[in-house]
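[1] heads up, no residue letters with this:
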């Protein structure tokens, strides 16, 4: 069964460094998403992406964050200058249709630790 | 302000009984409501979606209801099993932003043998 994959599974970085989290969505999906989950807290929407542009973004997704689909398979989240409070699990997801009306498939996550 | 509340942080029930989880929301007009399962350290797994014009949806041992007057959804697992132990998340997609899913904080369900 097709699945969303994410690399790396765990990323440790120093505060102020840039990180890129990578995702390979399911191949026939059209909508792509990033979420984060701080330990013990709720899953929070960051951004949705469709047709090579951002559809929606949350207040969390400020100028420090960016997303890109550099080729036909990868979907990346870049954090330009990491802060301690960026430490969280980051989940990528994809869906054929809009997430509100269609099944959204989540990846296994990347645990980001900022020291 | 907009809120999604899952009324129990944790629920502990005996195997074989029906588990009922509650999701309440305020200041949203959701077009769709979804339920997910999340195991520790894993991503959420989609279970069911119910539209605002649907009162009830079933899938095997799962049943979801959606009452837009009460602004509430109930999620039932019948004949519960220890393997059903997980955190269950309620999520909304508002009319205005159908690609922006908002999650509740979840209810941790434990089924004891």
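    Great, that's in hand. This is a predicted model, so every value here is computed, not measured.

[2] Specify the beta-bridge partners of whichever residue of chain B sits closest to chain A.
    The minimum distance from chain B to chain A, using Cβ to the nearest Cβ, falls at residue B:93 (2.6 Å). Quick note: C-beta positions are derived from backbone N, CA and C, even for glycine. Beta bridges link residue B:93 to residue B:32, judged by DSSP bridges.

[3] Kindly provide the distance from it to residue B:32.
    Residue B:93 sits 5 Å away from residue B:32, going by Cβ to Cβ, to the nearest Å.

[4] Give the residues shared as contacts by those two.
    Taking Cβ atoms under 8 Å, 6 or more residues apart in numbering or on different chains as the criterion, residue B:93 and residue B:32 both touch A:100, A:101.

[5] got the end-to-end distance for stretch A:6-25?
    9 Å (Cα to Cα, to the nearest Å).

[6] mind listing what's buried in that stretch?
    Residues A:6, A:11, A:13, A:19, A:21, A:22, A:23, A:24, A:25 are the ones in stretch A:6-25 that count as buried (16 or more other Cβ atoms under 10 Å in any protein chain shown).

[7] what residues are up against residue A:36?
    By Cβ under 8 Å, 6+ apart, the contact set of residue A:36 is A:43, A:44, A:46, A:60, A:88, A:89, A:90, A:91.

[8] Of the residues you listed, which ones also sit close to chain B?
    Among the contacts of residue A:36, the residues within reach of chain B (Cβ under 8 Å from any Cβ of the partner chain) are A:43, A:44, A:89, A:91.

[9] What average pLDDT does the strand or helix carrying residue A:12 get?
    Here residue A:12, judged by DSSP states H and E, is contained in strand A:10-13. Strand A:10-13 shows a mean pLDDT of 97.

[10] Strand partners (parallel or antiparallel) of the very next helix or strand once past it?
    Sequence order places strand A:19-24 as the next helix or strand after strand A:10-13, per DSSP H and E. Sheet pairing of strand A:19-24 (DSSP bridges) gives strand A:5-7 (antiparallel), strand A:75-79 (antiparallel).
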